[in-house]
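Peer 1: sequence and predicted structure are below.
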Amino acid sequence: MPETRRLIYDLDLPELQAVLTSWGEPAFRAKQVWQGIYRSLWSQPGQFSNLSKQLRERLDAEFSFQALKPGAVLQSTDGETVKTLFTLPDEKAIEAVLMRYESRRTLCISTQAGCAMGCVFCATGQMGFLRHLSSGEIVEQVLYYARQLKEQGEAVTNIVVMGMGEPFHNYENTLAAIDRLNHPEGMNLGARRFTISTVGLIPMIRRFAEENRQVNLAISLHAAEDSLRSSLLPVNRKYPLLDLLAACREYVEKTGRRITFEWALIRDVNDTPEEARRLAALLKGLLCHVNVIPLNPTNKYRGQATTHERAVAFCAELEKAGIPATIRIRRGIDIQAGCGQLATENQRRSQSIEG
Ligand code: SAH
Ligand code: SF4
């Protein structure tokens, strides 16, 4: 039977308060429910031992507590990275990844099923756009892992919005999800622990700058001149580099916050010292940091990962020009923890079964 109940994680605290007072409950009741969800990390109404049986039953009748059905789980060989594929009520698939690194427990979460931006090297882009996730569907990815970690006496420490989808194409739901996880009476994950990565939607970068949040911003650059960037990231035709960089400079001026630029190193495409020098010139004087990641090869794109030596040389060229740069190892490459790859594999498998 199709789900008709509202997903409870789609509500913010005032909305939950409005519902519960309309049921004749006292004002403090919503906070009890809120804390049950976001502090005690209860996953079904039956666990709410602080509520009457009658109220638990009403919650169950009116709200769904689960939109994400966990399916395939992949673990990296070192066991430190876990990726879970979830099925949504409409059978679309998304994924979220947990990465353990020293004391950090970082989640990489999705904001859309598929993506409309069509970046040629990206498995999610290759799928096309399916739909936006609701704020609650974004939140539930975090709750899922938070519950698991709690059983091991651990907690989520950081969240990167770098899974499937373009978060600034689903701006409101993404920011609403962060607000929900950030709420002091709930999970209370500090704003600085979040990083949103965008392909570079300029109007949304401006809007985000206006909001003056403590959330970190990352921009996927991948090329330092327009023709190359447009061939890799079609959105560059609409929002070309100089305009994008101008918006980034405005952001840094307004917020005083450093921007991270992401650069997937593709062998012989954007991994040359000349390209590094072009990038350095573009970023000159900007409060920023560059993260380079060797490309994670995908089926529908012929590009290859750069070598480690060339990645080191690329970073050295940036450092020489005074631009801080770090090579990120792609964690969980053996479990296809690259953007969108698990869901694509799954789609392919079911397509081949069907046809
Ligand atoms: N849509 C947002 C966030 C999700 S993608 C964005 O594009 O920024 C997260 C990061 O993974 C982006 O920097 C993206 O360019 C990068 N990425 C996508 N596919 C990749 C691949 N095959 N190899 C390396 N990085 C990839
Ligand atoms: Fe979308 Fe980001 Fe993939 Fe581009 S890299 S297609 S914006 S998810």
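Peer 2: On my side now, so go ahead. Numbering: from 1, shown residues only. Ligands and ions are numbered 1, 2, ... in the order given.
Peer 1: quick check: next helix or strand after the longest strand seen in the chain?
Peer 2: Determined from DSSP state E, the single longest strand within the chain is strand 93-101. With elements assigned by DSSP states H and E, the helix or strand that comes after strand 93-101 is strand 104-108.
Peer 1: so what does that next one touch, helix or strand wise?
Peer 2: Judged by 3 or more Cβ pairs under 8 Å, 6 or more residues apart in numbering; DSSP states H and E, the packing partners of strand 104-108 are strand 93-101, helix 135-151, strand 158-161. All C-beta atoms are positioned from the backbone trio N, CA, C, and that covers glycine.
Peer 1: chain neighbours aside, what residue packs nearest to Glu3?
Peer 2: Pro89 (4.9 Å; Cβ to Cβ, 6 or more residues apart in numbering).
Peer 1: same thing with Ala155?
Peer 2: Ala155 sits nearest to Leu149 (Cβ to Cβ, 6+ apart), 5.7 Å away.
Peer 1: who touches the one you found in this structure?
Peer 2: Shown in contact with Leu149 (Cβ atoms under 8 Å, 6 or more residues apart in numbering): Leu98, Arg105, Ala155, Val156.
Peer 1: I figured the second one was touching Val82, is that so?
Peer 2: Right, Arg105. No. Between Arg105 and Val82 there is no contact under Cβ atoms under 8 Å: 10.6 Å.
Peer 1: got any residues that touch both of these two?
Peer 2: With Cβ under 8 Å, 6+ apart as the test, Arg105 and Val82 both reach Leu98.
Peer 1: in which helix or strand would I find Arg180?
Peer 2: Residue-wise, Arg180 maps onto helix 171-182 under DSSP H and E.
Peer 1: mean confidence score for that helix?
Peer 2: Mean pLDDT, computed over helix 171-182, is 98.
Peer 1: model confidence score at the residue of the stretch 151-300 of the chain found nearest ligand 2, please.
Peer 2: Using Cβ to the nearest ligand atom, the closest approach of the stretch 151-300 of the chain to ligand 2 is made by Val199 at 3.7 Å. On pLDDT, Val199 comes in at 98.
Peer 1: burial measure for it, as a count.
Peer 2: 25 (other Cβ atoms under 10 Å).
Peer 1: hang on, it packs against Arg229?
Peer 2: No. Val199 is beyond contact range of Arg229, at 10.3 Å (criterion: Cβ under 8 Å).
Peer 1: about what we covered before: next, the angle from the helix or strand just after the helix holding Arg180 to strand 104-108.
Peer 2: Following helix 171-182 in sequence order, the next helix or strand is strand 194-198 (DSSP H and E). Put simply, strand 194-198 runs at 30 degrees to strand 104-108, going by axes from the mean of the first three to the mean of the last three Cα atoms, to 10 degrees.
Peer 1: now strand 194-198 against helix 171-182, angle please.
Peer 2: 170 degrees.
Peer 1: sheet partners, orientation included, of strand 194-198?
Peer 2: The pairing partners recorded for strand 194-198 under DSSP bridges are strand 158-161 (parallel), strand 216-220 (parallel).
Peer 1: who touches the longest one?
Peer 2: Residues lying outside strand 216-220 but in contact with it, judged by Cβ under 8 Å, 6+ apart, are 119, 160, 162, 192, 194-200, 205, 208, 233, 244, 248, 251, 257, 259-262, 264, 291.
Peer 1: repeat the analysis, applying 6 Å as the threshold.
Peer 2: The contact list for strand 216-220, computed with Cβ atoms under 6 Å, 6 or more residues apart in numbering, reads Thr195, Ile196, Ser197, Val199, Gly200, Ile259, Thr260, Phe261, Glu262.
Peer 1: what residues are up against the fifth one?
Peer 2: Each residue near Gly200 by Cβ under 6 Å, 6+ apart is listed here: Ile219, Tyr239, Leu244.
Peer 1: so Leu107 sits against Tyr145, correct?
Peer 2: Yes. Using Cβ atoms under 6 Å, Leu107 is in contact with Tyr145, at 5.5 Å.
Peer 1: shared neighbours, these two?
Peer 2: Contacts common to Leu107 and Tyr145, judged by Cβ under 6 Å, 6+ apart, are Leu98.
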